[in-house]
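Visitor: A predicted structure for the sequence below; I have some questions about it.
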Amino acid sequence: MSVYTKDDFKNGVGVSGTTVTIPSSFTAIGEDAFELQTDITSIIIPDSVVTIGEMAFGYCKALTTVVLPSSFTTFKDNWFTECTALTAVNLPPSNVYTHTHFRIGVGVSGTKVNVPSSFAAIGESAFEDEDAITSVIIADSILTIGEGAFAGCTALTSVILPPSLTTIEENAFYNCASLTAADLPASLTTIKEGAFDNCPALKKKDLSVSVPAPPSRTIRR
């Protein structure tokens, strides 16, 4: 396997200005290959590439566009950690809504998010610390809200939970300081520890549901 690494980038392999086109002689992109390369704006990856390493594009703050191989059927959210300018990636189909989907605007309209029905779950930390979001509507297809999914969304005032929802994971809405409404559906069977901790504006009556209350503890973030 021929792996494109940090050294290849430093040596200018496939680099033209702020664009990188990975040559088809490579079959993989190594771990951290482009991490912290803050001048890159676009990366084009050929179909010869079959694997991409952890944090491959992490902290590429100017990166706006990534073209993934058409053969890809899965992706890892951490490939794009802190790629805050990212607007376009041809992500393969997924049943989990991730932070990358949010980054490229899937279901996003201004400060509002409408999670589409093409997803079955909201992934871990999908919206974490996105403090401009004010409201979220979650499609009836969603079964699970992942750990820390909305943690730190301090401007979030309302969330519409679907009648399909069965599980809310740990700290899912932790520190949503402005959240006032989150009516729980009858379908819900599991609320994990700290799911609504540090939500001072949330009325307790909105959380009435016949599931065991999680033990209380202090969450430090």
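Guide: Received it, and whenever you're ready, just let me know what you need. Keep in mind that what you see is a predicted model, and the values were worked out from it rather than measured. Numbers count the residues shown, from 1 in each chain.
Visitor: ranges for the helices of this structure?
Guide: Using DSSP state H, the helices found in the chain span residues 6-10, 99-103.
Visitor: need these in TSV (columns: distance to residue 163 and mean pLDDT).
Guide: Heads up, the C-betas are built off the backbone N, CA and C, glycines and all. Below are these laid out as TSV (distance: least, CB to CB, whole Å; pLDDT from 0 to 100):
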stretch	distance to residue 163	mean pLDDT
helix 6-10	48	97
helix 99-103	23	96
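Visitor: do you know which of these lies nearest residue 182?
Guide: helix 99-103 (19.2 Å; CB to CB).
Visitor: coming back round to it: most packed of the helices of the chain?
Guide: Ranked by average neighbour count under the criterion mean count of other CB atoms under 10 Å, the helices of the chain are headed by helix 99-103 at a mean of 22.
Visitor: and residue 3, how many neighbours does it have?
Guide: 15 (other CB atoms under 10 Å).
Visitor: can you tell me how far it sits from residue 55?
Guide: Distance of residue 3 to residue 55, computed by CB to CB, to the nearest Å: 15 Å.
Visitor: can you list the residues that contact the helix or strand bottoming out on mean pLDDT in the chain?
Guide: Lowest on mean pLDDT, DSSP states H and E among the helices and strands of the chain sits strand 158-160, with a mean of 92. The contact list for strand 158-160 (CB atoms under 8 Å, 6 or more residues apart in numbering) reads 134-138, 150, 173, 179-182.
Visitor: how much space separates the residue positioned nearest the centre of the chain from residue 133?
Guide: In the chain, the residue lying closest to the centroid (CA atoms, centre = their mean) is residue 99, at 1.4 Å. Relative to residue 133, residue 99 is positioned 12 Å away (CB to CB).
Visitor: need the overlap of contacts for these two.
Guide: residue 127.
Visitor: about what we covered before: as CSV, the helices of the chain with distance to residue 16 would be great.
Guide: Formatted as CSV, the helices of the chain follow (distance: least, CB to CB, whole Å):
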stretch, distance to residue 16
helix 6-10, 12
helix 99-103, 24
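Visitor: go through the ones you listed and name the closest to residue 26.
Guide: Taking those one by one with CB to CB, helix 6-10 is closest: 8.0 Å.
Visitor: circling back to that earlier point, any buried residues in the least confident helix or strand of the chain, and which?
Guide: Neighbour-count burial for strand 158-160 flags residue 159 (criterion: 16 or more other CB atoms under 10 Å).
Visitor: what do you get for stretch 4-20?
Guide: 4-5, 8-9, 13-15, 20.
Visitor: CA atoms of that stretch as CSV?
Guide: Only the C-alpha atoms of stretch 4-20 are listed here, as CSV (Å, rounded to 0.1, in the frame of the first residue of the first chain):
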residue,chain,number,x,y,z
TYR,A,4,0.4,9.8,1.2
THR,A,5,2.0,11.3,4.4
LYS,A,6,3.0,14.6,5.9
ASP,A,7,6.4,14.3,4.1
ASP,A,8,4.7,14.0,0.7
PHE,A,9,2.8,17.2,1.4
LYS,A,10,6.0,19.0,2.6
ASN,A,11,7.7,17.9,-0.6
GLY,A,12,4.9,19.4,-2.7
VAL,A,13,3.5,16.1,-4.1
GLY,A,14,0.2,17.0,-5.7
VAL,A,15,0.2,20.5,-4.3
SER,A,16,-0.8,23.5,-6.5
GLY,A,17,-1.2,26.7,-4.6
THR,A,18,-3.9,26.0,-1.9
THR,A,19,-5.2,22.9,-3.7
VAL,A,20,-4.0,19.3,-3.2
